[in-house]
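>>> missing the sequence, but the structure's below:
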């Protein structure tokens, strides 16, 4: 009986304790938990709003992660077993700039001189041999301080090597890192070098390098009447070829003057995958400072034909866009003179726009920023400048934008030209 009584008392005590705990949870713990959840949601919303203001387009592009280059990858320059023997006992000219380096950071010119190759001259493209000049800046001839070799500029009035400049040269070696965009002028330099070689019976060796945008084929095809130094061939803005493959296409399609062809040899990259990522260890030009700028270059370069800045005169060139004529927003920048932009557009003026420096890799030409800027500009008659048609390679793109066509409809108009180009491109692919 005593045990039964104790059991009943214990059960009563337990029930009382359980009831008290339940009341406590309902009245104190549960409200606190709900309050914490509400605070957490509010914080998350604020963080999301803050991030959106800082990077307005950050959530609009899907991530496209790509693997690194395969083990054993080498550039054409590093594939020196394939070209050193070709240069022995010959007189050599080099077409290169600061990107013409081997994996160990040795410049091609220094490497060849160290290997007893008889280098006579250096030819330098836009931005100069060391790659520090502004876009479009006049480059004067000079001497390489390390080797004492003469440097001849292939820009300005001397885009094509003259016969007297090539005198005594048996072979020209071309080694410049391209970024795969039609209006990036290194392929125009390549064109004129090939033409000069064909006319002067000089062999051309191209040391191939990866195209960091080699996985993309997109944009309007250049129309012949809009041929210029920022667009010399009937190809899309992004053509998805290495510079060696592109050289073969120039030759094979007979795009040189009078349809001449040069004696061309491409030293290929080894174990190269065009669909894998490729990091440039050296800036290809002053205003393409990193992989993000290189990836966005083809999409943002259209702004160079408008009154909108692409960040020249800042530390985020081709990673931002903005103008004093766009509505005030959560992001702004003020261009000031710096290396590669002595007189940047809108110098000293506040430019409103977007910061794209942290968005994910794009896998096509994005027109949405161009369309947004145009539609947000109050005086649209001052938005475009004549240079836009040279960049686009056609008058049609400006007309489509002014008529209010959507990005989808504009891109639909490119399809036939792109499909035809892909068929031509196939003939010259190495990888």
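Received it, and whenever you're ready, just let me know what you need. Predicted model only: the values in this text are computed from it and were never measured.
>>> contact partners for residue 146?
109-110 (C-beta atoms under 8 Å, 6 or more residues apart in numbering). The way it works is simple: take the backbone N, C-alpha and C, and place the C-beta from them, glycine included.
>>> what's opposite residue 152 in the beta bridge?
Bridge pairing for residue 152 (DSSP bridges) gives the partners residue 123.
>>> what lies in contact with stretch 230-237?
Residues contacting stretch 230-237 (C-beta under 8 Å, 6+ apart): 181-183, 185, 187-188, 191, 217-224, 249-250, 253, 255, 298, 365, 390-391, 393, 414, 417-418, 421.
>>> how about 6 Å then?
182-183, 188, 191, 219, 221-222, 255, 298, 390, 393, 418, 421 (C-beta atoms under 6 Å, 6 or more residues apart in numbering).
>>> how about the secondary structure of residue 304?
Classification of residue 304 using DSSP: H, G, I helix; E, B strand; the rest coil returns helix.
>>> which residues touch it?
Here residue 304 is in contact with no residues (criterion: C-beta under 6 Å, 6+ apart).
>>> where does residue 410 land on pLDDT?
pLDDT recorded at residue 410 is 98.
>>> I'd assumed residue 400 was in contact with it.
Yes - at 5.0 Å, residue 410 counts as touching residue 400 under the criterion of C-beta atoms under 6 Å.
>>> now residue 144: how far from residue 323?
Using C-beta to C-beta, to the nearest Å, one gets 40 Å for the distance from residue 144 to residue 323.
>>> again with residue 217
Using C-beta to C-beta, we find residue 217 at a distance of 30 Å from residue 323.
>>> can you check residue 105 too?
According to C-beta to C-beta, residue 105 and residue 323 sit 39 Å apart.
>>> and for residue 279?
Distance, residue 279 to residue 323, by C-beta to C-beta: 31 Å.
>>> of the two, which one has the most company?
Set residue 279 next to residue 323 and count neighbours by other C-beta atoms under 10 Å: residue 323 wins out with 21 against 11.
>>> and that one, what pLDDT?
98.
>>> same question for residue 144.
According to the predicted model, the pLDDT of residue 144 comes to 87.
>>> again, but for residue 365
Looking at residue 365, its pLDDT is 98.
>>> how about the nearest residue to it, chain neighbours excluded?
Nearest non-adjacent residue to residue 365, counting by C-beta to C-beta, 6 or more residues apart in numbering: residue 218, 4.5 Å away.
>>> what's across from that neighbour in the sheet?
Residues in beta-bridge contact with residue 218 (DSSP bridges): residue 238.
>>> so what's it up against?
The neighbourhood of residue 218, defined by C-beta under 6 Å, 6+ apart, consists of 238, 364-365.
>>> any regions of the stretch 51-200 of the chain where pLDDT drops low?
The model of the stretch 51-200 of the chain has pLDDT under 70 over residues 51-65, 130-141.
>>> separation between the residue nearest to the spatial centre of the chain and residue 107?
For the chain, the residue nearest the mean C-alpha position is residue 294 (1.9 Å; C-alpha atoms, centre = their mean). Taking C-beta to C-beta as the measure, residue 294 falls 21 Å from residue 107.
>>> residue 148 now?
Residue 148 sits 14 Å away from residue 107, going by C-beta to C-beta.
>>> those two: who's more crowded?
More crowded of residue 148 and residue 107, by other C-beta under 10 Å: residue 107, with 23 against 8.
>>> pretty sure the more buried one contacts residue 97?
No - with contact defined as C-beta under 6 Å, residue 107 and residue 97 do not form a contacting pair (9.6 Å).
>>> where do the strands sit along this structure?
91-96, 118-124, 142-143, 150-153, 171-175, 203-207, 217-218, 238-239, 264-267, 320-323, 332-333, 351-355 (DSSP state E).
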